[in-house]
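> quick one, what's the 3D model for this:
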Amino acid sequence: MSAETITLGCRLNFAESEAMAAAAPDGSLIVNSCAVTNEAVRQTRQAIRRAHRLAPERPIIVTGCAAQLDPQAFRAMPEVAEVRNRDHALPAVASAGLIHQVKSFVAVQTGCDHRCTFCSIWTARGPSRSVAYDEVRRAVERELGRGAKEIVLTGVDITDYSGGLGRLCQRLLADVPTLKRLRLSSLDSIEIDGVLLELIASEPRLMPHFHLSLQAGDDLILKRMKRRHLRRDAVAVVAAIKAARPEATIGADLIAGFPTESEEAALNTLALLDDCDIIAAHIFPFSPRPETPAARMPQVERELVKARAARLRGHAATRRSAWLETLIGSRQRVLIENGRGEGHGASNAPVRISGAAKGHIIDAAIIGRDGNHLIGIAV
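Next up is the predicted model:
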C-alpha cells in the first residue's frame, strides 16, 4: 500500500504533499502540517489523533511548518512515528500536486525574505528561493500530461520569484501552448510588476482572479505589521488590475484584531472590502504565534477579536452574495472539477452544471443560483 497524505494549510503544502508521499515508506501516512495560526496547529494535532484512531497500525510521519517550528511537541505525541524537518536548500525541482485529476498546484518558490511581525512562516520555510524556469516548465508540462486542465502557480511569496513573476508567466504561456488555464496563488500587492499587469491586460489564458495578501486596511496597523504597503497602495493596485482587465475579481487575506487595533482601525479594514471590491475574503482572527514581535505587543481582548472577525466575515459574505447575483444571466467558461458537475469559471465563481463531466471545460449560461453555487447550462 502506497503512502497517503493529510494536508493542512496553503496550496504550497498541497503541491509538496504528493512528492512527500512518493518518497515515504509504503503504508505510511504523511501529515503535512500548517503553522499560520494557533488554530492551524490545533487542527494538525486533531488530524493526527483522528488518523491514528482510524488506523492505529499505520505509521504517521509529520512534516510541514508546524513540525519545523516545534518538532519536539510532535515527537512527544504517542501517535507520531517520525517527524521530518525540511532543510532550506535551494529547491531544484518544482513540486506539484494534482487535485481531483483536473487542477494542479505547481510550487515555483518557497521561503520569504520579509519579516511581518505576525508571521512565523519565514522561520519555518527559510529565505526566499526560486525554482529554475526550465524545471518549472517541465513540471507544468508533466502535470498537463497527467491530465491537468488548469495550473496554479504557488509558493510562500511567488511575487518574489527570481526574475519576476510576470516574466515567469510570460515564458510559460509562450513555451507551453497546451497550457490553456493558468492561475496564480496569493500575491503580495506591492510586488506586482509591470510585465504581470501587461499579461493581465492581454492574455486570456491567465485567469482573471487575483488573491492579494493585504492583511489590514489601516496605515498604522500595516506599519505595526511591518507590511511594505499602505492602504492607498492596495487600492491603487486593485485599480490598476481592474483597468487592465475590467472583469477581474479580487480576493484578499485580512487579519482581525491585530494587537493595538482600535475600533477606527478595524473599521478602516472593514471599508477596504468595498474600496478594493473584494469578493473572496479569507478572514483570520489574530493569533499570536510564539517568538513573533506581534505576540509581545498589547493584545486586543479575545472576544473583541472574534467579534471583529465575525463582522468582517459578515460583510464579506454580503459582498460575495451580491457579486454572485450579478453573474446570473452571464456566460462563464467553466472547468468541471468533480463528478457532481461542479467547477469554477475564469473569475473563480463556483458553478454547477447538471450532467457535466469532470475535466471538461464548458461554456455555460448562468440561469440561477443555489446557495454558494451558480447554476449553469451548457451552450
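> what's the burial count for the residue nearest to residue 144 when sequence neighbours are not counted?
Spatial nearest neighbour of residue 144, chain neighbours left out: residue 178 (5.3 Å); criterion: CB to CB, 6 or more residues apart in numbering. In this view, the C-beta of every residue, glycine as well, is placed from N, C-alpha and C. A count of nearby residues for residue 178, using other CB atoms under 10 Å, gives 9.
> just residue 53 next, same as before
Using other CB under 10 Å: residue 53 sits among 9 other residues.
> look up phi and psi at residue 212.
Backbone torsions for residue 212, taken as degrees, to the nearest 10, come to phi -110, psi 140.
> got the buried residues for stretch 318-332?
319, 320, 323, 324, 327, 332 (16 or more other CB atoms under 10 Å).
> just the helices in the protein please.
Here the chain has its helices, by DSSP state H, at 11-23, 38-54, 65-69, 71-75, 121-125, 133-145, 165-175, 194-202, 219-225, 231-244, 263-275, 302-326.
> distance to residue 111 and mean pLDDT added to those, as a markdown table?
Shown next, in a markdown table, are the helices of the chain (distance: least, CB to CB, whole Å; pLDDT from 0 to 100):
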| stretch | distance to residue 111 | mean pLDDT |
| --- | --- | --- |
| helix 11-23 | 10 | 83 |
| helix 38-54 | 19 | 95 |
| helix 65-69 | 11 | 93 |
| helix 71-75 | 18 | 95 |
| helix 121-125 | 5 | 91 |
| helix 133-145 | 16 | 95 |
| helix 165-175 | 15 | 97 |
| helix 194-202 | 20 | 96 |
| helix 219-225 | 19 | 98 |
| helix 231-244 | 23 | 98 |
| helix 263-275 | 28 | 98 |
| helix 302-326 | 28 | 98 |
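> residue 77 touches residue 45, doesn't it?
Yes: counting by CB atoms under 8 Å, residue 77 does reach residue 45; the two are 7.2 Å apart.
> these two: who's more crowded?
When neighbours are counted by other CB under 10 Å, residue 77 and residue 45 differ, and residue 45 comes out ahead with 18 against 15.
> and the more buried one, what does it touch?
residue 77 (CB atoms under 8 Å, 6 or more residues apart in numbering).
> then residue 337?
With the criterion set at CB under 8 Å, 6+ apart, residue 337 makes contact with 99, 100, 102, 103, 343, 344, 358.
> and the strands in the stretch 251-379 of the chain, which stretches?
Assigned by DSSP state E, counting those that start in this stretch, the stretch 251-379 of the chain shows strands spanning 278-285, 331-336, 342-344, 350-353, 361-370, 373-378.
> and these as TSV, adding distance to residue 17 and mean pLDDT?
As requested, the strands of the stretch 251-379 of the chain are exported to TSV (distance: least, CB to CB, whole Å; pLDDT from 0 to 100):
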stretch	distance to residue 17	mean pLDDT
strand 278-285	20	98
strand 331-336	22	97
strand 342-344	21	97
strand 350-353	24	98
strand 361-370	26	97
strand 373-378	27	97
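> done for today, thanks.
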